[in-house]
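**Q** pasting the sequence and the predicted coordinates here, then a few questions.
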Amino acid sequence: MSQLKAVQGDGAGNVVGTVCHVGKSEDRTKLIDTAVQAFGGLDILVSNAAVNPTFGPILDTPETSWDKIFDVNLKCSFLLARDCYPHLEKRGGNMLFVSSVGGYQPFPMIGAYSVSKTALLGLVKALAMECAPNGVRVNGIAPGVIETKFSSALTEEPVKSMMTKNIPMGRFGQADECAGTVVHLCSNEASYITGEVVQITGGMPSRL
C-alpha cells in the first residue's frame, strides 16, 4: 500500500490496488472488474505472478511442487490472459508475460521453475498468433537474475559467486531495469512487435 500511496502522492498517476491470488478464479474476476470499473476498460495485462517452492536437483522435485509451479506460473497466466482478452480486444490492448532467461538456459537447482518459464515462451507465441488479427499484441520479457527477495536463493552465497561469473556485466539486475522494456513493448512505439520475448540478462548466454 505504501507504494500505491507514493505513486499517487507524486502525481505520477491514478492507482487502485486490490488483492489477487491468481490461482483463485474469484480473485482474478475481482481484479479485472476493479480495473474496468476504475478506468473504463483494460489496455495492458502484465502477467508476473510466479512461485518456486523447491530448491534442489530437478530429479528430486516432488510431484506436488511440479503441480504448484505449473498451476501458477503457466496455467494461471493463461487463465488471466483469457479473462482479460475480451476487454483488451475492445481497446487494441497488450499482453506481456514475464518469463526468464532460465526458460532458455535452465538455472541449476530450480529446474522445474525454469521449465515452466520455457512453457511461457510457447504461450507468448501461441497467443500472439491468435490475438494479432483482433488487434491485441502479445510479448514477453526474459529477465536474468534480478535481485529481489524471490531470487535470494540465487543472489546470496554460496550460489552468488557462481552466478555472477556467468554474467558479463558482473552483477545482478534490478527490477527497475526491466520496467523500461515493459513500457516500450506495451506502447505505440512497439506497434509492429508481437510474439517476441526480450532478454534482459546483463549479457548472460541464452539459447533455446
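**A** Happy to help now that I have it. Numbering: from 1, shown residues only.
**Q** for the chain, name the helix or strand with the lowest mean pLDDT.
**A** In the chain, no helix or strand scores lower on mean pLDDT, DSSP states H and E than helix 2-9, which sits at a mean of 56.
**Q** now for the lengthiest strand in the chain, which elements pack on it?
**A** Ranked by number of residues, the top strand in the chain under DSSP state E is strand 137-143. Contacts defined by 3 or more CB pairs under 8 Å, 6 or more residues apart in numbering; DSSP states H and E place strand 137-143 against strand 94-98, helix 111-131, helix 176-185, strand 197-200. Any C-beta I mention is one placed from the backbone N, CA and C, and that applies to glycine too.
**Q** what pairs with it, and is each one parallel or antiparallel?
**A** Strand 137-143 sits in its sheet next to strand 94-98 (parallel), strand 197-200 (parallel), going by DSSP bridges.
**Q** can you list contacts of stretch 109-119?
**A** With CB atoms under 8 Å, 6 or more residues apart in numbering as the contact definition, stretch 109-119 has outside contacts at 50, 52, 54-58, 61, 65-66, 69-70, 73-74, 99-100, 102-104, 106-107, 142, 153-154, 159, 208.
**Q** residues near residue 42, how many?
**A** 21 (other CB atoms under 10 Å).
**Q** picking up where we left off before, what element comes up after the longest strand of the chain heading to the C-terminus?
**A** helix 152-155 (DSSP states H and E).
**Q** buried sites along that following helix?
**A** Neighbour-count burial for helix 152-155, counted by 16 or more other CB atoms under 10 Å, picks out 154, 155.
**Q** would you map out the domains in the protein?
**A** With domains defined by automatic domain parsing, the chain comprises 1-40, 42-200.
**Q** which of those domains sits most buried?
**A** Comparing those by mean neighbour count (mean count of other CB atoms under 10 Å), domain 42-200 comes out on top with a mean of 17.
**Q** before I go, just wanted to say thanks for your time.
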